[in-house]
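Visitor: sequence and predicted structure, then a few things I'm wondering about:
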Amino acid sequence: MNNPVQPTLVTPTLFDKAFNEIGGVLTTELSWLTNAYRQAEKIPIQRNNRASYEPHIYVGRQDYPNEYLNLLPDEYLENHCFFLVDDGVNIAERKGQLGDFFGTYSLIFWWDYRTAHPTDHLQRTIENVKRDILVLLAKTAFKTCSITIQKTYVEAKNIYKGFDIQDAKQQFLMRPYGGLRIEGQIKIKQNCN
């Protein structure tokens, strides 16, 4: 399945709505970004009598209603990103109504330098791509949420922290490919949902 898309949600709300907005900005402003997927799920995989986890997103459609897409590095996914939210989201108390949601998010990017910067990919480093993403996120005022950026990670074991990357082909974790994980805090504004 080459570059599948997630189903369009009828009424996105909470994190779905925020990630739709952030993803829309990312794919519009970063011309090289092919897909900005919403929140991935940690799917348990049984291998060699041990459980491990992989990031998957639901891409079901009428003829394949139970279809999931594995988001570990793969040349067929092209340049993409996806979100994770740590379990245990805080909800602000408001008398008689739902309060704002606060949580820790991760935004994971994976790209091919040759398509991200086709004319000068040999002269680009992860720092160039990282700066483009961070500047864009820092300058954008989102309607549905506010985010802070607290950390970035560039080592494969940290980009895919919490997931088993042993089965990911090693060549997808080195040049001409690159990856990045951004972590921070997100606030979902209830007056915008």
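Guide: That came through, no problem. What you see is a predicted model, and the numbers here were worked out from it, not measured in a lab. Numbering: from 1, shown residues only.
Visitor: any low-confidence regions in this structure?
Guide: Low-confidence segments of the chain, defined by pLDDT under 70: 1-5, 7, 62, 166-171, 191-193.
Visitor: and the residue nearest the centre of it?
Guide: In the chain, the centroid-proximal residue (CA atoms, centre = their mean) is residue 82; its distance is 1.6 Å.
Visitor: which strand residues bridge that one?
Guide: Following DSSP bridges, residue 82 is listed with bridge partners residue 108.
Visitor: which SS class is residue 15?
Guide: helix (DSSP: H, G, I helix; E, B strand; the rest coil).
Visitor: quick one, what contacts the residue nearest to the centre of the chain?
Guide: When the contact criterion is CB atoms under 8 Å, 6 or more residues apart in numbering, the partners of residue 82 are 36, 37, 38, 39, 40, 55, 57, 71, 107, 108. No exception for glycine: its C-beta is placed from N, CA and C like everyone else's.
Visitor: wait, residue 54 sits on residue 69?
Guide: No - in this structure residue 54 lies outside contact range of residue 69 using CB atoms under 8 Å: 10.4 Å.
Visitor: how about residue 110, nearest residue that isn't a chain neighbour?
Guide: In this structure, residue 110 finds its nearest non-sequential neighbour in residue 179, 4.7 Å apart by CB to CB, 6 or more residues apart in numbering.
Visitor: residue ranges for the strands of the protein, please.
Guide: Assigned strands in the chain, in chain order: 35-39, 41-47, 50-58, 68-70, 80-85, 90-94, 97-112, 145-147, 151-153, 177-188 (criterion: DSSP state E).
Visitor: what about the nearest residue in space to residue 97 that is not next to it in sequence, distance to residue 179?
Guide: Excluding the flanking residues, the one nearest residue 97 by CB to CB, 6+ apart is residue 190, at 7.3 Å. Relative to residue 179, residue 190 is positioned 33 Å away (CB to CB, to the nearest Å).
Visitor: okay, these two: which has more neighbours?
Guide: Counted by other CB atoms under 10 Å, residue 190 and residue 179 do not tie: residue 179 has more neighbours, with 22 against 17.
Visitor: got the contact list for the closest residue to residue 35 other than its chain neighbours?
Guide: Leaving aside its chain neighbours, residue 35 sits nearest to residue 80 (4.3 Å; criterion: CB to CB, 6+ apart). If you count contacts by CB under 8 Å, 6+ apart, residue 80 has them with 33, 34, 35, 36, 37, 71, 109, 110, 111.
Visitor: now do the contacts for the residue nearest to residue 97.
Guide: With contacts taken as CB under 8 Å, 6+ apart, residue 190 has the following neighbours: 94, 97, 98, 99, 100, 101.
Visitor: can you pull the contacts of the fifth one?
Guide: Read it as residue 100. Contacts of residue 100 were listed using CB under 8 Å, 6+ apart, and they are 91, 92, 187, 188, 189, 190.
Visitor: residue 146: which of those is nearest?
Guide: Compare each of those with residue 146 using CB to CB and the shortest gap goes to residue 187, at 4.8 Å.
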